[in-house]
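Novice: Structure here, sequence nowhere to be found:
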């Protein structure tokens, strides 16, 4: 199995007896997902995407990526939330956090905040580079992306002229008049890629949203998709949680939650998985955090964060459980050598590879946290490569859908995300928000 | 005031009535801290550090930083936890997250994990560069740092010979035979800087631990210390929480906690503050997460994470409160312009600076989250510069000490951090851990 799920230190709620009590519920949820009869069932496109993706568009993605790599030194990916995290997670997971130091196309992410400091910094850097742009927004009206795209569009038109800019701008969006970005792209002649309707933002990394920038980073997306395909096949075979780890993981999470373990601490053993933790937080937090319920997702990197959050995990409020992610065969290893005089007392490790230390730290941590009242689940892959990442993406997506249904929520909507936007639009004086603006103003004046 | 503390959306627990009920407790804690009579009182060095630091060592730090900048292209800072987070937070806060792209000395952090992938990557990069090393470890026996230092020491000796390497290695450690690093430094002739006994790791950013690498990054540390000095003076003046924001913030945090708000969501409005959030998590999590209690600290960047964790904050479990950090005058700004035809519907923003949007997003968010049941506190500084960061460091440190004492714990120890290390040492076969090793082996075999 490409992904091994180890529940040795998961405690009693992961025992056969406990799982038997929830297995029928998990099986029913699995059936609901595959029948497409649950809440939010118009957003189930991710379920069969690894096989059903648009082959013609995929060929265009590969050609566009090749063109970007030939034409530019820098690709700026403009997107936020689901149009940002999965892509960046993939590029850092496969090409390392320092991918821009490796030579070849540099990739920067913009449109993911309203910070003028961050944007100015990137603009200055891009001034002297050859750049391409991939702007990603389903509706074309996400404020962060639209504002930042305006600025980069103007930079490109100044550098390359209108036609030259159009040749370097790629729009990933909805194909309809609902998308202002699509309309602009048609008018200006930007190549377009689709954000498919039945795939929500946080489930979209294996659509053009992720695939174009990931392919531009030089990743073999065939292999990424192959991993997701194999995961899809594996996790569709059975609705028995003892034979299907997405069901098992989802079931255990919910048993923990019901018993008062309200925080999931997702900790990876590799710094290059940092952004995968951020993607994980959006996937689970946005899917389950509603109706005043949901596990609160937190992310960490070990052993780094054992020296910051480790104290809390070991002895703070006992409301945590952990999900750990490790790699059994690191891409590179370093042998520790003997040093004359043993000045630091580490000679007992001579001849051991560094990965052995990382593994023993993991095992020691699992036992320590379990003993301290933090049950933990271990996910283990052989290699940090495109195949295993494709598998992981699918595994987490399916687990999340199952878990959300067991929790009793719609795992595919995000009604709460609009609240701050509505206030922001009103405060900014956006046309159409005059009523909200007057109400907010009155309220602010009363304070 | 350099730092403004705004409780407009903090809810009833931040009202005068509520605060009156806890003000005597806060005043008593403040007196305890200044009298040095509380738990962990041998770790109060941070309290007067901004004025009391060793002026002679400080002069050496500045000279060493100058030498590093002249001699090297890359400084590798080897440290973990408190010997990593504050330094990196400061460099990114002041010089941006992309500081290594700006020209001048590049700074990389190592020894903060046991990942062979991360270490190999950095080693390869350093192979062709002129490098200096600052290794930071109080005891000299932190596994991550010691192992990685061995590897870099060997690289430097290969590149520059033994004497040349010694001229490029700086050790920040305890000055005693308890530190294997100090003993090695004496033997090899490395320049040493002190980790002062009365300052714990997570409170050490304004000692040589942080100051040497921060000065090497070209930051004016006089100004950083000046900010901390002014904060020290400001927050020592009164033990009345209505006149002292460290007491007020600590009091409100504890009132929230007692009322079931168990998670503090620390959100900064600037991506360059990301690592400050990680420093914040260690400071508060490690200080308060003990005796099965403590607020769980989480960190985010807005508006970025409004598109990932925003849904949870708005509608998930109502166990959160927020602390927001913003800057009123960004280092750079960008004016939005009018575009013919208004293709994205943003022309209503023409003439507005981007910082105005970020501010309205903040205000809109505060109201939305408050309305959703998440009270929030706002910290506001004028500029993201060394002065304000020095102030912030001191503000959070003092707030944390006060808050820990109100909670009833020792905010200066971290007994739980040893648990995983003990297991790891046993599993690694470290001399002296034979008993633990046998016990663990027996236990693992039973499973």
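Specialist: Happy to help now that I have it. In this text, all values refer to a predicted model and were calculated from it rather than measured experimentally.

Novice: Can you verify residue A:9 is assigned to a strand?
Specialist: No - judged by DSSP: H, G, I helix; E, B strand; the rest coil, residue A:9 forms no part of a strand; its state is coil.

Novice: In contact with the closest residue to it other than its chain neighbours, which residues are there?
Specialist: Take residue A:9 and drop its neighbours on the chain: the residue closest to it by Cβ to Cβ, 6 or more residues apart in numbering or on different chains is residue A:370, 4.1 Å away. Every C-beta, even on glycine, is put in place using the N, C-alpha and C of the backbone. Residue A:370 makes contacts with A:9, A:11, A:376, as judged by Cβ atoms under 8 Å, 6 or more residues apart in numbering or on different chains.

Novice: Quick one: name the residues of the stretch 151-300 of chain A near chain B.
Specialist: Where proximity means Cβ under 8 Å from any Cβ of the partner chain, the interface of the stretch 151-300 of chain A facing chain B comprises A:151, A:154, A:180-181, A:183-184, A:187, A:202, A:262-263, A:269-272, A:278, A:281-282, A:285-286, A:288-294, A:296-298.

Novice: separation between the closest residue to chain B within the stretch 151-300 of chain A and residue B:85?
Specialist: With Cβ to the nearest Cβ as the measure, residue A:289 is the residue of the stretch 151-300 of chain A nearest to chain B, at 2.9 Å. Per Cβ to Cβ, to the nearest Å, residue A:289 is found 27 Å from residue B:85.

Novice: circling back to that earlier point, now, the residues of the stretch 151-300 of chain A next to chain B that are in helices?
Specialist: Counting by DSSP state H, the part of these found in helices is A:151, A:154, A:180-181, A:183-184, A:187, A:278, A:281-282, A:285-286, A:288.

Novice: Buried members of those residues into PyMOL, please.
Specialist: Command for PyMOL that selects the buried part of these, burial taken from 16 or more other Cβ atoms under 10 Å in any protein chain shown:
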select buried, chain A and resi 151+180+181+183+184+278+281+282+285+286+288
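
Novice: okay if I get the ones in helices among the residues of the stretch 151-300 of chain A next to chain B as CSV plus pLDDT?
Specialist: Compiled in CSV, those are given as follows (pLDDT from 0 to 100):
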residue, pLDDT
A:151, 96
A:154, 95
A:180, 94
A:181, 96
A:183, 95
A:184, 96
A:187, 95
A:278, 98
A:281, 98
A:282, 98
A:285, 98
A:286, 98
A:288, 98
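
Novice: coming back round to it: wait, the residue of the stretch 151-300 of chain A closest to chain B touches residue B:310, no?
Specialist: No - applying Cβ atoms under 8 Å as the test, residue A:289 and residue B:310 come out as separate, 9.1 Å apart.

Novice: who has more neighbours, these two?
Specialist: Neighbours were counted for residue A:289 and for residue B:310 using other Cβ atoms under 10 Å in any protein chain shown; residue B:310 has more, 30 against 26.

Novice: give me every residue that touches the residue of the stretch 151-300 of chain A closest to chain B.
Specialist: Contact criterion Cβ under 8 Å, 6+ apart gives A:296, A:416, B:309, B:311-313, B:315-317 as the residues in contact with residue A:289.
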